[in-house]
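Participant: My questions are about this predicted structure, shown below with the sequence.
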Amino acid sequence: MTFSQKIQAACRAKEELIDQHMVRYAVKSIFAGAFLTLSTGVGGIAADVINQIHPSLGRFVFPFIFSFGLVYILFLNSELVTSNMMYLTAGAYYRYISVKKVLKILVVCTLFNLVGAALIAALFNQSFAYTLVTPKSFLVGVVQTKLAKTSSQIFFDAIIANIFVNIAILSYLLVKDQTAKTILVISAIFMFVFMNAEHLVANFSSFLLMGFNSVHLDGYNLANILRHWGISFIGNWIGGGLLIGAAYAFLNKKENQ
């Protein structure tokens, strides 16, 4: 299948599922938020452990473990809003799907990604490992740094994040070998996390993991969190939807004619 054919098939499947089986679509979206939160939660604890050897090692371990969350999402066919930004924007460019339906899918997917993240974050905070989280823990530092960013920093970091994420999505979509798919996905996700860039659903995960915990974070309030998530959504759409989805659709336009 060509790129445009794969985009058409994906858009048709997503539209049919959300129109005819909303509960199933919601569950698939919940799984995506849950998978990223599982890898975020474990990555944060692993970083704390490895930092006991050297305080810089957690910066490498955390993104490596986190990247498996997207591997799970792709291979287990879940619905992630930031990858849908690429699929649906390309689909709208080709006129395979209406803008109205694109917006509906993105809103529903975002909502249930958040639900999935909240469920796992709440569960993790009942575990023994998360009773050991302190103000010096790696994940606390990550979230504290994010909360302190200016709106323009969030915006540009969100563009960067979803460029990397959708490089991973395109690699999964276009590369045939399963091992190569996995390596390329992990490499792209590792890079954006290492940069501490802003991915909306990853931020659902990290913010909620800390929100259900008793540790105090400066700037952790509803207004600041919504500012962060709102700007991240817009930046992610520009990075994944326009700079990857629409651009790649344009590059492959002849095959669609």
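Facilitator: On my side now, so go ahead. Numbering: from 1, shown residues only.

Participant: all helices for the stretch 101-250 of the chain, in order.
Facilitator: Under the criterion DSSP state H, counting those that start in this stretch, the stretch 101-250 of the chain contains helices at 138-147, 151-174, 178-194, 200-211, 222-236, 247-251.

Participant: Just the buried positions in the longest one, please.
Facilitator: Along helix 151-174, these residues count as buried under the neighbour rule (16 or more other C-beta atoms under 10 Å): 154-173. Quick note: C-beta positions are derived from backbone N, CA and C, even for glycine.

Participant: can you list the residues that contact stretch 27-41?
Facilitator: For stretch 27-41, contacts defined as C-beta atoms under 8 Å, 6 or more residues apart in numbering pick out 17, 65-70, 72-73, 76-81, 108-109, 111-121, 124, 130, 139, 201-202, 204-206, 208-209.

Participant: The same query, at a cut-off of 7 Å, please.
Facilitator: With C-beta atoms under 7 Å, 6 or more residues apart in numbering as the test, stretch 27-41 has contacts from 65-66, 68-69, 72-73, 76, 78-80, 108-109, 112-117, 119-121, 124, 201-202, 204-206, 209.

Participant: Determine which residue lies closest to the centroid of this protein.
Facilitator: With distances taken as C-alpha atoms, centre = their mean, residue 201 lies nearest the centre of the chain, 4.3 Å away.

Participant: Which of the contacts of stretch 27-41 are buried? Put it as a ChimeraX command.
Facilitator: Here is the ChimeraX command that picks out the buried ones among the contacts of stretch 27-41, judged by 16+ other C-beta under 10 Å:
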select :65,66,68,69,72,73,78,79,80,108,109,112,113,114,115,116,117,120,121,124,201,202,204,205,206,209
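
Participant: hang on, the earlier thing: and the spatially closest residue to the residue nearest to the centre of the chain that is not a sequence neighbour, what's its pLDDT?
Facilitator: The shortest distance from residue 201 to any non-neighbouring residue, by C-beta to C-beta, 6 or more residues apart in numbering, is to residue 113 (4.8 Å). Listed pLDDT for residue 113 reads 98.

Participant: Report the distance from the lengthiest helix in the chain to the chain centre.
Facilitator: Looking across the chain with DSSP state H, the single longest helix is helix 22-50. Relative to the mean C-alpha coordinate of its chain, helix 22-50 is positioned 10 Å out (C-alpha atoms, centre = their mean, to the nearest Å).
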